[in-house]
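A.B. asks: build me a model:
(2 chains)
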Amino acid sequence: MLPAGRVEGTLLCHVGPHRIAFEAGEVASIAGPDTSMVSAHRAFQGAGGAQRVLVTATGGTVGVDGLEIDSEVLSVLPPSPVVAGASGGSLRGFVITRGVLWPLLRLESFQRYLLGLAGEGA
Amino acid sequence: MAALESETTRQSYLVFACGSSWYAVPAEAAAEVVTFPELTRVPGSPPHLLGVFAHRGEVIPVVDMSLLVGGVTAGSRRAVLVRLSRGTLALTASNVAGVSALMGPLEPLGPSGVHVHLRGPVKSGSRDVAVIDPEGLFDHLSQGG
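C.D. replies: Down below sits the predicted model:
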């Protein structure tokens, strides 16, 4: 078991020009796009679709443009209180890999956050 | 002590511009002026929170004061790092005038929102400067302001 400040196995996702990451263990499966998924573009005030869909353990779906798998053990840098409440509290921290910073999100709560945004926009 | 009282100031402040407006932070809270790298946008963050960058092991949020008060972005890659006990803030700076002793009242510049945490009016030379209460601004931003 890794310390709370580390993560092993990360899905690095691209959403337009933006980046987000999830712990691989939170992703039940990866699927192709479908009409029921919610796009991560919503969290960046965008309206793009998705090429890949991350499926949560409870069947929720989050669409992203592309993804890479990182198998390294990464340190999780804690979020500032100024950003901790963004994304409905789903922000776990940040990881540095590929030479850049990635927001590490909790998939289930991020999916709920996106659904909430979809409700606001409806 | 970075918090401000409602009184006339005699402290030293770092004076900087963001867009067409001038701001000041207590000199003891202003850690350094940096040129920040490409920022990482945080999903769900408001427009004035431009993104974050890693600096000396800390992930620092970058705030555009001009956007925060309802203006247009200053578009600067430089920022004043404001270090508080709870974390560090980077405030974008299109110009840095230096450290000055400012004179003037420190009344809130507005009744609500971020303007509660901007005090003045004070003068730095011929400039009107809004003095930032860094603790109050940090609280405001942490509450999604």
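A.B. asks: if I pick the closest residue in space to residue B:58 that isn't next to it in sequence, what's in contact with it?
C.D. replies: Excluding the flanking residues, the one nearest residue B:58 by CB to CB, 6 or more residues apart in numbering or on different chains is residue B:88, at 6.0 Å. Heads up, the C-betas are built off the backbone N, CA and C, glycines and all. Residue B:88 makes contact with A:80, B:31, B:55, B:58, B:60, B:81, B:82, according to CB atoms under 8 Å, 6 or more residues apart in numbering or on different chains.
A.B. asks: could I get the contacting residues of the third one?
C.D. replies: Looking back up the chat, that one is residue B:55. Taking CB under 8 Å, 6+ apart as the contact definition, residue B:55 lies against B:34, B:36, B:81, B:88.
A.B. asks: what about the second one, how many residues nearby?
C.D. replies: Meaning residue B:36. Burial of residue B:36, expressed as a neighbour count using other CB atoms under 10 Å in any protein chain shown, amounts to 19.
A.B. asks: I'd say it and residue B:77 touch.
C.D. replies: Yes. With contact defined as CB atoms under 8 Å, residue B:36 counts as touching residue B:77 (6.1 Å).
A.B. asks: which residues in chain A form strands?
C.D. replies: A:6-15, A:18-23, A:29-31, A:38-39, A:52-55, A:61-64, A:66-75, A:91-97, A:100-105 (DSSP state E).
A.B. asks: so where's chain B uncertain?
C.D. replies: Per-residue confidence of chain B (counting by pLDDT under 70) places the weak regions at B:1-10.
A.B. asks: which residue lies nearest the spatial centre of it?
C.D. replies: To find the centre residue of chain B, average its C-alpha atoms and take the closest one (CA atoms, centre = their mean): that gives residue B:91, at 4.8 Å.
A.B. asks: quick check, that one in contact with residue B:79.
C.D. replies: Yes. The pair formed by residue B:91 and residue B:79 meets the contact definition of CB under 8 Å, at 5.9 Å.
A.B. asks: any common contacting residues for these two?
C.D. replies: Overlap of the contact sets of residue B:91 and residue B:79 (by CB under 8 Å, 6+ apart) consists of residue B:62.
A.B. asks: stretch A:17-28 close to chain B?
C.D. replies: Yes. Contact between stretch A:17-28 and chain B, assessed by CB under 8 Å from any CB of the partner chain, occurs at A:18, A:19, A:20.
A.B. asks: count the residues that sit near the last one.
C.D. replies: Just to be clear, that refers to residue A:20. Counted by other CB under 10 Å, the residues lying close to residue A:20 total 28.
A.B. asks: again, but for the first one
C.D. replies: Using other CB under 10 Å, residue A:18 has 21 other residues around it.
A.B. asks: spell out which parts of chain A neighbour chain B.
C.D. replies: Within reach of chain B by CB under 8 Å from any CB, chain A has these residues: A:15, A:18-20, A:40, A:43-44, A:77-88, A:91, A:93-94, A:96, A:100-103, A:105, A:110, A:113.
A.B. asks: which of the strands of chain A sits most buried?
C.D. replies: Between the strands of chain A, strand A:61-64 has the highest mean count of neighbours, a mean of 25, where neighbours are mean count of other CB atoms under 10 Å in any protein chain shown.
A.B. asks: tell me how far residue B:144 lies from residue B:48.
C.D. replies: When CB to CB, to the nearest Å is applied, the distance between residue B:144 and residue B:48 equals 11 Å.
A.B. asks: just say helix, strand or coil for the residue of chain B positioned farthest from its centre.
C.D. replies: Distance to the chain centre peaks in chain B at residue B:43, reaching 22.3 Å (criterion: CA atoms, centre = their mean). When states are read from DSSP: H, G, I helix; E, B strand; the rest coil, the local structure at residue B:43 comes out as coil.
A.B. asks: also the one 10 residues further on?
C.D. replies: Judged by three-state DSSP, the three-state class of residue B:53 is strand.
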